[in-house]
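In: Provided below for reference: sequence and predicted model.
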Amino acid sequence: MELKKFIKVKEALDKKEGQVSLRGWVYRQRAQKDLVFITIRDESGIVQAVVDSSKVSEKVFEDAKKLTMESSFKLTGKLRKEERSPQGYEVDVVDLEIVQIAENYPISKDFSEEFLLDVRHLWLRSRKMTSILKIRSTVFKAIHDFFRKKDFYEYHSPILQSVQCEGGSSLFKVDYFEKPGVFLAQTWQLYAEPAIFSLGKIYTISPSFRAEKSKTTRHLTEYWHAEMEGAWITFEELQDYGEQLIKSVIKEVLDKNKEDLIILKRDTKILESSLKIPFVRMTYDDALKVLKEKFDFEISWGKDLRTIEEDKLSSLYETFVIVTRYPKVVKAFYMKEDPENKDVVLGFDCIAPEGYGEIIGASQRESDLNKLISKLKEQGEDASQYKFYLDTRRYGSVPHSGFGMGVERLLSFIVGAQTIKDTIPFPRTMVRYKP
């Protein structure tokens, strides 16, 4: 095939008529006596091409018949309007070149979750996964844009860490030159807080690792964590940052990925409502009252909200729910006690609508050195191992706050995923570490 200017399928459909040259993969192929119908796929979309034996050379027609699902090829033809086509257009092929004939494609009838995870390297080509991955890319860009517009600096902390932040039972231990006490990061937080005394406001998007023995549709052992930390940020301002970030991301997806949301059959009404309606904010105590009144749930004060309780709470609203001031007995050592109530902390969880669970975990950080040491000892930790962290309270401690947002959790809500495993290219879970 002579040198041509190839364009994307979407560019061709936007062009609406005229000669086009496309390259991609066979999405579908159907051969008749004198006609071959080929749906060509690239990253931008699909369109049907028609190879008519009376209008092309014998070689082109025979090559068209050879094409199998996922074979790669190039074509040139004339784009015309065709109302019977799902895209509204077809391409009448005048020339075609095979790049590679694919072997018998394994994804045909078995669409079970486990099988599709086994062939994840191929399932990424599906229209569903292509659309999710496009939206994922938009989400990451939107997070970066949000924080940079708010004058945050991007900052990176180590993945290999020597102290734990979220609980020793969920740590992945690493064989680090036979040295004990090295783990994969659960969060950047303990290594991020020192940087606020230099940069003021910082953020990151990086992998985090949790060795939680969970097989739910919401858990990954390796996930992407959007985290922020800022000097002088109050608890109320922190809630505003969380709400603004989520709304900013959703708006960007609605603006940039309308076609992908259509492919995924995502009802966007709840997404649009989340932009228009202020997030519901309530205390832990208020949440217990609501759960009692609406669902007759009897929850002992001091117990954390479980998945079932978060889901019931979220079902009452068309937007996110921010639950504040949890009992300190169920929260981490670094969360600041509420000056007005020593039994609770200035922390919050942000819960998504439609039962997608906790998206953000946040708090104002404890700035009192003695309280931090006391809390570490209460939890059975050796405070001397946290010397570098405690030094931040010895030399110019200031009020500061931060949060972590599970990117795949938010993405699950945005795309309406049935499982969080669909929101990441190669999911890692308690039972799956390959391909």
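Out: Thanks, I have the structure now.
In: What score does residue 168 have for pLDDT?
Out: On pLDDT, residue 168 comes in at 64.
In: remind me which residues of the stretch 51-200 of the chain are low pLDDT?
Out: Applying pLDDT under 70 to the stretch 51-200 of the chain flags the ranges 167-169.
In: nearest spatial neighbour of residue 147, skipping sequence neighbours?
Out: residue 203 (4.1 Å; C-beta to C-beta, 6 or more residues apart in numbering). (C-beta placed from N, C-alpha, C; glycine too.)
In: how many other residues sit next to the one you found?
Out: 24 (other C-beta atoms under 10 Å).
In: and it, that one's in a strand?
Out: Yes - the assignment for residue 203 by DSSP: H, G, I helix; E, B strand; the rest coil puts it in a strand.
In: Quick check: it touching residue 227?
Out: Yes - in terms of C-beta atoms under 8 Å, residue 203 counts as a neighbour of residue 227; the distance is 6.6 Å.
In: Number of residues surrounding residue 12?
Out: 26.
In: no wait, residue 237
Out: For residue 237, the number of neighbouring residues by other C-beta under 10 Å comes to 13.
In: Let me see the ranges of the strands in the stretch 251-400 of the chain.
Out: 280-283, 321-324, 337-338, 341-345, 347-352, 357-364, 400-406 (DSSP state E, counting those that start in this stretch).
In: Show residues contacting stretch 181-189.
Out: The contact list for stretch 181-189, computed with C-beta atoms under 8 Å, 6 or more residues apart in numbering, reads 156-162, 164-167, 170-174, 176, 204, 206-210, 225, 227, 229, 334, 385, 402, 404.
In: re earlier: residue contacts, the residue nearest to residue 147?
Out: By C-beta under 8 Å, 6+ apart, the neighbours of residue 203 are 143, 147, 152, 153, 154, 155, 226, 227, 228, 229.
In: Pull up the gap between the first one and residue 244, please.
Out: I take that to be residue 143. Noted for residue 143: a distance of 12 Å to residue 244, by C-beta to C-beta, to the nearest Å.
In: Looking only at neighbour counts, state which of these two leads.
Out: residue 143 (24 against 13).
In: In which helix or strand does that one reside?
Out: helix 127-149 (DSSP states H and E).
In: can you map out the helices along the stretch 251-400 of the chain?
Out: Ranges of helices within the stretch 251-400 of the chain are 258-263, 269-276, 284-295, 307-314, 369-378, 387-394, based on DSSP state H, counting those that start in this stretch.
In: Mind listing what's buried along stretch 379-399?
Out: By neighbour count with 16 or more other C-beta atoms under 10 Å, stretch 379-399 contains the buried residues 381, 386, 389, 390, 392, 393, 397.
In: Skipping its backbone neighbours, what lies nearest residue 226 in space?
Out: Closest to residue 226 by C-beta to C-beta, 6+ apart is residue 405, at 4.5 Å.
In: and that neighbour, how many neighbours?
Out: Counted with other C-beta under 10 Å, residue 405 comes out at 23.
In: hang on, isn't it packed against residue 225?
Out: Yes - Residue 405 is in contact with residue 225 according to C-beta under 8 Å; the separation is 7.3 Å.
In: hmm, back to that, what is the nearest of the contacts of residue 203 to residue 362?
Out: Residue 362 lies nearest to residue 228 out of the contacts of residue 203, by C-beta to C-beta, at 9.0 Å.
In: Can you tell me who that closest one pairs with across the strands?
Out: residue 203, residue 403 (DSSP bridges).
In: List the contacts of it.
Out: Residue 228 makes contact with 147, 152, 201, 202, 203, 241, 402, 403 under the criterion C-beta under 8 Å, 6+ apart.
In: List the residues that contact residue 427.
Out: Residues in contact with residue 427 (C-beta under 8 Å, 6+ apart) are 117, 120, 220, 420, 421.
In: tell me what the longest strand belonging to the chain is packed against?
Out: For the chain, the longest strand by residue count, based on DSSP state E, is strand 18-31. Applying 3 or more C-beta pairs under 8 Å, 6 or more residues apart in numbering; DSSP states H and E, we find strand 18-31 packed against helix 9-15, strand 35-42, strand 45-52, strand 72-81, strand 89-100.
In: If we use 6 Å, what do you get?
Out: strand 35-42, strand 72-81 (3 or more C-beta pairs under 6 Å, 6 or more residues apart in numbering; DSSP states H and E).
In: how about the first one: buried residues?
Out: When burial is assessed from 16+ other C-beta under 10 Å, strand 35-42 yields the following buried residues: 36, 37, 38, 39, 40, 41, 42.
In: Now the residue lying farthest from the centre of the chain: closest residue in space, sequence neighbours ignored.
Out: When distances are taken from the C-alpha mean of the chain, residue 54 lies farthest, 49.4 Å away, according to C-alpha atoms, centre = their mean. Distance criterion C-beta to C-beta, 6+ apart; nearest residue to residue 54, sequence neighbours excluded, is residue 34 at 6.8 Å.
In: Distance-wise, check the one you found relative to residue 55.
Out: Taken as C-beta to C-beta, the span from residue 34 to residue 55 is 10 Å.
In: wait, is the residue farthest from the centre of the chain part of a helix?
Out: No - secondary structure of residue 54 (three-state DSSP): coil, not part of a helix.
In: phi, psi of it?
Out: phi -80, psi -10 (degrees, to the nearest 10).
In: circling back to that earlier point, may I see the contacts of residue 203 organised as JSON lines, with distance to residue 269 added?
Out: Below are the contacts of residue 203 laid out as JSON lines (distance: C-beta to C-beta, whole Å):
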{"residue": "143", "distance to residue 269": "24"}
{"residue": "147", "distance to residue 269": "28"}
{"residue": "152", "distance to residue 269": "32"}
{"residue": "153", "distance to residue 269": "37"}
{"residue": "154", "distance to residue 269": "34"}
{"residue": "155", "distance to residue 269": "37"}
{"residue": "226", "distance to residue 269": "25"}
{"residue": "227", "distance to residue 269": "30"}
{"residue": "228", "distance to residue 269": "29"}
{"residue": "229", "distance to residue 269": "34"}
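In: Using PyMOL, make a named selection holding only the buried ones among those.
Out: Buried residues among the contacts of residue 203 (16+ other C-beta under 10 Å), as a PyMOL selection:
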select buried, resi 143+147+152+155+226+227+228+229
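In: For residue 132, state which of the contacts of residue 203 is nearest.
Out: Of these, the one sitting nearest to residue 132 (C-beta to C-beta) turns out to be residue 143, at 16.5 Å.
In: what's the helix or strand for the closest residue to the closest one other than its chain neighbours?
Out: Take residue 143 and drop its neighbours on the chain: the residue closest to it by C-beta to C-beta, 6+ apart is residue 226, 5.0 Å away. Assigned by DSSP H and E, residue 226 belongs to strand 222-231.
In: now the angle from that strand to helix 127-149?
Out: 10 degrees (axes from the mean of the first three to the mean of the last three C-alpha atoms, to 10 degrees).
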